[in-house]
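J.: how does the following fold in three dimensions:
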Amino acid sequence: MNTFEIDDVLEEMALEGRRHFAPHYVCQRLGISEIKGVTNYLLSLVGSKLIPSFEVECPNGDIDFAVNDPRLISKETRICHICGEEYEPDPERTWLAFDFTERYLLHVKKKKALRGKRNSVAALNSFVLS
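T.: Coordinates of the predicted model:
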C-alpha cells in the first residue's frame, strides 16, 4: 500500500467535491483490496485532513443515521427514515465513513490555484522566450 497514492486520491476527491466516503471507496479508486491498511491510514489523518463518522444501518441495509462517536448510538427502537422499518440499532451494523476537514479543503483549493498560476507563468515564459 502506497500512502502517497492514497493522499493523491484524497486530494482528487476533495477537488471533485466528494464528501462522506468510506475506506472501501478509496480502495476501489486505487484498485486495491487492502481495506485494513487503508482504513488505518485514513484514521491516522483524523484531525488534520479527515473527520470520522459512524453510519448506522437498518436491517434492510439502508444508512439511517450517522454519529461522531459509536458510543453515542442509542439502543432505543427507531424507525428508519428511508424504508420505515422499525429496528433497534446494532453496533455490528455500523460503518466507518469520513468527511474532509474545512482546513484540508481550503489547503487543496489553494494548492490548485497555486498550480494554475505556476502553469500560467510557465506558459507565458515559454511564449516570451520563443
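
J.: tell me where this protein has helices.
T.: Counting by DSSP state H, the chain has these helices, from start to end: 3-16, 23-30, 35-44, 102-129.

J.: who's in contact with Arg78?
T.: Going by CB atoms under 8 Å, 6 or more residues apart in numbering, Arg78 touches 58, 64-65, 86-89. Glycine gets a C-beta too; all of them are placed from N, C-alpha and C.

J.: of these, buried ones?
T.: 58, 64-65, 87, 89 (16 or more other CB atoms under 10 Å).

J.: what about those, which are in strands?
T.: Members of these lying in strands (criterion: DSSP state E): 64-65, 87.

J.: any chance of those residues in a markdown table, plus pLDDT and distance to Leu45?
T.: Output for those, formatted as a markdown table (pLDDT from 0 to 100; distance: CB to CB, whole Å):
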| residue | pLDDT | distance to Leu45 |
| --- | --- | --- |
| Asp64 | 94 | 26 |
| Phe65 | 92 | 24 |
| Tyr87 | 96 | 32 |
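
J.: just the buried ones among the contacts of Arg78 now: which is nearest Ser44?
T.: Distance to Ser44, by CB to CB, is smallest for Phe65 among the buried ones among the contacts of Arg78, at 26.2 Å.

J.: any idea how far Asp8 is from the closest one?
T.: Distance of Phe65 to Asp8, given as CB to CB, to the nearest Å: 32 Å.

J.: count of neighbours near the residue nearest to Thr39 when sequence neighbours are not counted?
T.: Once flanking residues are discounted, Thr39 sits nearest to Pro23: 4.2 Å by CB to CB, 6 or more residues apart in numbering. Residues within reach of Pro23, counting by other CB atoms under 10 Å, total 22.

J.: identify the residues contacting Pro23.
T.: Contacts of Pro23 by CB under 8 Å, 6+ apart are 35, 38-39, 42, 96, 98.

J.: again, but for Glu88
T.: 75-78.
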